[in-house]
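[1] pasting the sequence and the predicted coordinates here, then a few questions.
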Amino acid sequence: MPTPFTLRVNGTACSVRAEPDTPLLYVLRNDLKLNGAKFGCGQAQCGACSVLIDGIEQRSCVYPVSAAGGRSITTIEGLGTAQKPSALQSAFIHEQACQCGYCGNGMIMAAQALLLRKPKPSESEVKQALDGHLCRCGAHNRIVRAVLRASKGAQS
Amino acid sequence: MTAARRTVSRRDLLKAGTGLVVAIAHAPLVALAQDSGAPTPLPGSLNANRLLAAWLRVNPNGTVTVFTGKVEFGQGIASALAQVAADELDVGYQRIDMVTADTSRTPDEGFTSGSQSIEQSGTAIRFACAEARQILLAAAAARLGVEAGDLTVADGTIAAPGGKQTSYWEVTTDAMLRREATAKPKPKAAREHQLIGQSLARRDIPSKFTGGAAYLQDLRLPGMLHGRIGRPPVPRAELLSIDAAALKAMPGVVEVVRDGSFVAVVCEREEQAINARLALRELAVWSRPELPPTLADTFDRPDPGLQAQDSVAYEKKASSASAAVRQIEARYTRAFQLHASIGPSCAVAHSVDGKLTIWTHSQGVFALSGDIARALGLAPASVICVHLEGAGCYGHNGADDVAFDAALLARALPGRPVRVQWMRDDEFMWEPFGSAMSVKLRASLSADNHIVDWRHELWSYPHSRRPGGREGVNLLAAWYLAHPLQPTFPADVPLPNGGSDRNAIPLYDFPNQKILKHYMPDAPLRTSSLRALGAYANIFAIESFMDEAAAAAGADPVEFRLRHLRDERAHAVIEAAARNSGWRPSALGDGGRGSGGTLRGLGMGFARYKNHACYCAVVAEVEVDRSSGIVRITRAWAAVDAGLAINPDGIVNQIEGGLIQSASWTLKEAVKIDRSGVQTKSWSDYPILRFSEVPAVEVDVIQRPTEDPLGVGEGAQGPTGAAIANAIAAATGRRLRDIPFTPERVIAALA
């Protein structure tokens, strides 16, 4: 049965109505019209759909909306905007860290989760944190440089 | 000509953020250009689209709209073309507004493929903008009462000696560019470039990293429904029965669309459509034809023994060449491989009053529109295809097929836009694959260790099965309808570009050469364009074999290449890649012990893509773990000569990305196929290179500002595959000739 849920997304409370087992991804994209999280595989294998739930990276394509109620959900829209990007987003733009960019949401959200728990990661820690995220264009090295750039900005 | 059509352009979409603007677009001006008589040839795509107004419009509001028939898919082409236009016109980069492939608005430039956009569209835009600049200056000169030659332009402001001023924005008129291009005003010389040659930031990136509406997937139309397709379990299967009533009783199901063996569900909500598709799979009863054996099943035999069209693709005979004293032979293979876009294919279609508008990430919107119109019995003008960016595609993936899926569902539900999103297994099982290939090489060496005779024999399925044939329909669903439409089996892409024989002719100076081709048009599994087409396997084979020949000659592989090359630009990239990698010349290749008991080696690969696009040499460093058979690429160096570099960082990005993708193909990728069908359904069946496995990459762009710009998008694919094979051989003394180089194969080779 479709059930009402109150979600806290990027600091704002939102009411939605969906089947409890609906993956959060479709609620974010279709009900809340947020573009950031992407459909890539629907099986938590590629990482394109990643969001933060209570500061932890989660794959929204397999995360039921019923489990998200009462938790704090952060999407890439919650980090910054094209006009006012966050330090991490700015670093990705500065490094031109993509080709198609479809994986970029997951890369930034995973990096955000990493920097929350470890503000000054090493290069190998960045690679380890992103290893479950797939990029097909071969922008990996640029992405790693962007995360390290953001982490250095955080030091100064 | 003035028929208004409801379209939503990419620009409107992006400007609207998450909302939607419905714009009225005028029919294309392109048609006007067809009226002229016997045309003189014009440069690039200007030749087929001759009207200046088809390429640009100078707006009184201080902007310039530039139209291109090429599409953006993450290669940065829209930004690079804006850079070209801004430089030629002397206006700021931010003033340029790009409109990309739209059958109702832009020139038809065919497919965005083959690393040709800079050469075709870039050249057209350079010439069109140079000519527009001259026309605008003539109007300004008349207005100011001065000679046009005395005027200067800065960011669109036109100044005359003595301080008189006007601007493009003041002198522009609608009629001004409605004339055929002459291409007489020449584009700027290299020394005059201000923006061309600069690594300007791409314009599409900020919205991609902030959740903006950057992709087709982000298009949401009012009242939009969600479709999912129930594809057969195996190609050529027939749908025997389906309990449509049971499906229709499921929550949110609006329609079950069946036409022969094409079956789909359309729902109010996306998750409902996903659930209904799962139920459809349980309910559908299919015939189970066996897949016939493919070329990939013959790799353990010396000769495939499959029916093929045999031809001599190329032959060169020298009147005098040194006598051959010995001969070597080897056979190389490549598995079926996938585009494997991170975002599976998607489309939105809307049928209104018998007209269809389709938003698509196809690489060829005009060809797609034509095939869909033919399939549905509509006039071509009634099918408008608008390009919006999808995930990177690297060739012909499911983009066109899903557009037709969406068209079929929209036709069944007129008035309601229908969005169809392929699921991951749809993409993996049904996208056209990169063809498996087999290449047999034979070389004869003279007493002074020069190659005097070279024979290249290849087996391949098609590398182009895109829509756009004169007859037939190359769209997946069309073959499964109650009245199925026939696919076209096009001839192989002809040389000099080549399809299966792309880059089969070595750039080396071998006096006698013969290229034999065994082309198999009707593949058991559909194959089509995957980045570099046959060039990947051909260059992998040629460049691996050059190392084998160098070893037979007792020569250093780099020196052995240079010995056979006259082209100075080829020498320059090979020497640069070798120098940057710290190459130590040796007859055995540069190999030795690596870290932690591994074996380390360097290997080189080189090609000039298509023998007329960019030059690229790659050196790869590998470490081979003898016990696990795992090959790690630790570092790679590429040197590339793309002539005039429009945006050097864009070139670096394309070459580095191509190198990493090719490394993934070479080490890991093969579609799993058995007699019951394609068994590659998820990423766990098709691993690709991950962060922990990606090498550090250095790209050296050799600047040649006075040369024509050359395409780079596919330049690294072939050289990288060979560089890895050669590095493994240098490290271990054993040669791998079958892609992918999985740990099992490496262990077998080392045994």
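    Thanks, I have it. Numbering: from 1, shown residues only, chains lettered A, B, ... in the order given.

[2] who's in contact with the residue nearest to the spatial centre of chain A?
    For chain A, residue A:109 is the residue whose C-alpha lies nearest the centre (C-alpha atoms, centre = their mean; 3.0 Å). Counting by C-beta atoms under 8 Å, 6 or more residues apart in numbering or on different chains, residue A:109 makes contact with A:50, A:51, A:52, A:57, A:74, A:75, A:76. From N, CA and C alone the C-beta is placed, and that goes for glycine too.

[3] ok, so of the residues you listed, who is nearest residue B:595?
    residue A:57 (31.5 Å; C-beta to C-beta).

[4] isn't there a helix covering that closest one?
    No - in this structure, residue A:57 is strand, not part of a helix, as judged by DSSP: H, G, I helix; E, B strand; the rest coil.

[5] pull the number of nearby residues for it.
    By other C-beta atoms under 10 Å in any protein chain shown, the residues close to residue A:57 number 21.

[6] select from the contacts of residue A:109 the one having the most neighbours.
    residue A:50 (32 neighbours).

[7] would you list the phi and psi of that residue?
    phi -60, psi 140 (degrees, to the nearest 10).

[8] pLDDT value on residue 13, please?
    By default, I'm working from chain A. Note for residue A:13: predicted pLDDT of 96.

[9] wrong one, I was asking about chain B
    Predicted confidence (pLDDT) for residue B:13: 41.

[10] what sits against the residue lying closest to residue B:544 once chain neighbours are set aside?
    Distances taken as C-beta to C-beta, 6 or more residues apart in numbering or on different chains place residue B:725 nearest to residue B:544, at 4.7 Å, with adjacent residues excluded. Neighbouring residues of residue B:725 by C-beta under 8 Å, 6+ apart: B:540, B:543, B:544, B:547, B:603, B:605, B:666, B:735, B:736, B:737, B:741.

[11] hmm, try it at 7 Å
    Contact analysis of residue B:725 by C-beta atoms under 7 Å, 6 or more residues apart in numbering or on different chains lists B:540, B:544, B:603, B:735, B:736.

[12] looking at these, spot the one nearest chain A.
    Closest approach to chain A among the contacts of residue B:725 (C-beta to the nearest C-beta): residue B:540, at 17.6 Å.

[13] wait, doesn't the closest one sit right on residue B:335?
    No - taking contacts as C-beta atoms under 7 Å, residue B:540 lies outside contact range of residue B:335: 11.9 Å.

[14] give me the mean pLDDT for the helix or strand containing the residue nearest to residue B:544.
    Using DSSP states H and E, residue B:725 falls within helix B:717-732. Per-residue pLDDT values over helix B:717-732 give a mean of 97.

[15] partners of the helix or strand just after that helix in the sheet?
    Next helix or strand after helix B:717-732 toward the C-terminus (DSSP H and E): strand B:738-739. The strands beside strand B:738-739 in its sheet (DSSP bridges) come out as strand B:324-334 (parallel).

[16] only the buried residues of the strand it pairs with, if you could.
    B:324, B:328, B:330, B:331, B:332, B:333, B:334 (16 or more other C-beta atoms under 10 Å in any protein chain shown).

[17] and the contacts of the next helix or strand after that strand?
    The C-terminal neighbour of strand B:324-334 among helices and strands, as given by DSSP H and E, is strand B:346-352. Under the contact criterion C-beta under 7 Å, 6+ apart, strand B:346-352 has outside partners B:6, B:216-217, B:219, B:221, B:224, B:356-360, B:390, B:402-403, B:406-407, B:409-411, B:414-415, B:417-422.

[18] near chain A, which of the residues you listed show up?
    B:217, B:421 (C-beta under 7 Å from any C-beta of the partner chain).

[19] returning to that earlier point: make JSON lines out of the contacts of residue B:725 and add pLDDT and neighbour count.
    Output for the contacts of residue B:725, formatted as JSON lines (pLDDT from 0 to 100; neighbours: other C-beta atoms under 10 Å in any protein chain shown):
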{"residue": "B:540", "pLDDT": "98", "neighbour count": "32"}
{"residue": "B:544", "pLDDT": "98", "neighbour count": "27"}
{"residue": "B:603", "pLDDT": "97", "neighbour count": "28"}
{"residue": "B:735", "pLDDT": "97", "neighbour count": "17"}
{"residue": "B:736", "pLDDT": "98", "neighbour count": "24"}
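
[20] test my guess that residue B:166 contacts residue B:160.
    No - counting by C-beta under 7 Å, residue B:166 sits too far from residue B:160 to count as a contact (8.3 Å).

[21] residues shared between the contacts of these two?
    In contact with both residue B:166 and residue B:160: residue B:144, using C-beta under 7 Å, 6+ apart.

[22] can you get me a residue count around residue B:232?
    21.

[23] residue B:180 too?
    Neighbour tally, residue B:180, other C-beta under 10 Å: 18.

[24] what's opposite it in the beta bridge?
    residue B:51.

[25] pLDDT score for it?
    Looking at residue B:180, the pLDDT reads 96.

[26] how close does it sit to residue B:126?
    17 Å (C-beta to C-beta, to the nearest Å).

[27] so the residue nearest to the centre of chain A sits in a strand?
    No - per three-state DSSP, residue A:109 lies outside any strand segment and is helix.

[28] and it, how far is that from residue A:130?
    From residue A:109 to residue A:130 the distance is 10 Å (C-beta to C-beta).

[29] ok, now residue B:251?
    37 Å.

[30] the two: which is more packed in?
    residue A:130 (24 against 14).
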